[in-house]
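Colleague: Let's see this in three dimensions:
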Amino acid sequence: MTGLEESHTRKAYSTEVKLQAVLTYLSSNWSLKSVCDKYEISSRSVLRRWIDQYNSGKTLNQKRGNSQMNAGRKTGLNERIEIAQYTIANELDYQKAMKKFGVSYSQVYSWVRKYRAHGPAGLEDRRGKILASKSQLSEKEAQELRIKELEARNQYLEVENDLLKKLKEIERRTGRD
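Modeller: Numbers count the residues shown, from 1 in each chain. The predicted structure is shown next:
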């Protein structure tokens, strides 16, 4: 009867139980369901997530609330512009930017969206104070900003060019068969 009771809380599993369950599944012919039954795991999707984490080299003791997805930090205008340009140049790989710059996923996503809509001015912090606009940057800062914009654009075009070459190669190969 207790197995039929509805649960409204998440069950916590120790790192040892997670590792034992994953290794049991990977080193035997047991099904996901039988491993879940043996270790009293709430669902097969939980075990699948642990297996994916294990196979990708991540530790199994990560808690959802402590993930990097929530770990944002303060940044300046020039850094936000650089992060947005880097993300755009890397085909909107938010995870890669998040890891490289140590900011949260939501920050990167927001900055890219604002940068695409309003350009660098969209990334200015307007909370409670008036900040210098792009026209009020020093000449050196404006030049550095322009260089970063051009570098990001150049990297984006290089990636795009490589993809087009690959596509033509695939089309050429499939056209022969």
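
Colleague: quick one: residue 57 from residue 153, how far?
Modeller: Using CB to CB, to the nearest Å, residue 57 is found at 34 Å from residue 153. All C-beta spots, glycine's among them, are computed from the backbone N, C-alpha and C.

Colleague: What of residue 28?
Modeller: Applying CB to CB, the value for residue 28 to residue 153 is 52 Å.

Colleague: These two: who's more crowded?
Modeller: residue 153 (13 against 10; other CB atoms under 10 Å).

Colleague: residues in contact with that one?
Modeller: With contact set as CB atoms under 8 Å, 6 or more residues apart in numbering, residue 153 has these partners: 85, 89.

Colleague: which SS class is it?
Modeller: helix (DSSP: H, G, I helix; E, B strand; the rest coil).

Colleague: gap between it and residue 79?
Modeller: Applying CB to CB to residue 153 and residue 79 gives a distance of 18 Å.

Colleague: could you give the mean pLDDT of the helix or strand where residue 175 lies?
Modeller: Secondary structure from DSSP states H and E places residue 175 in helix 139-176. Across helix 139-176, pLDDT averages out at 90.

Colleague: Domain parsing of this protein, as residue ranges.
Modeller: 10-62, 71-176 (automatic domain parsing).

Colleague: Provide the backbone phi and psi angles at residue 73.
Modeller: When quoted as degrees, to the nearest 10, the phi and psi of residue 73 stand at phi -150, psi 170.

Colleague: Apart from its neighbours in sequence, what residue is nearest it?
Modeller: residue 103 (5.9 Å; CB to CB, 6 or more residues apart in numbering).

Colleague: now the helices for the chain?
Modeller: 15-26, 32-39, 44-55, 77-89, 94-101, 105-118, 139-176 (DSSP state H).

Colleague: could you redo those helices as CSV and give each row distance to residue 61?
Modeller: Formatted as CSV, the helices of the chain follow (distance: least, CB to CB, whole Å):
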stretch, distance to residue 61
helix 15-26, 4
helix 32-39, 16
helix 44-55, 10
helix 77-89, 29
helix 94-101, 19
helix 105-118, 21
helix 139-176, 36
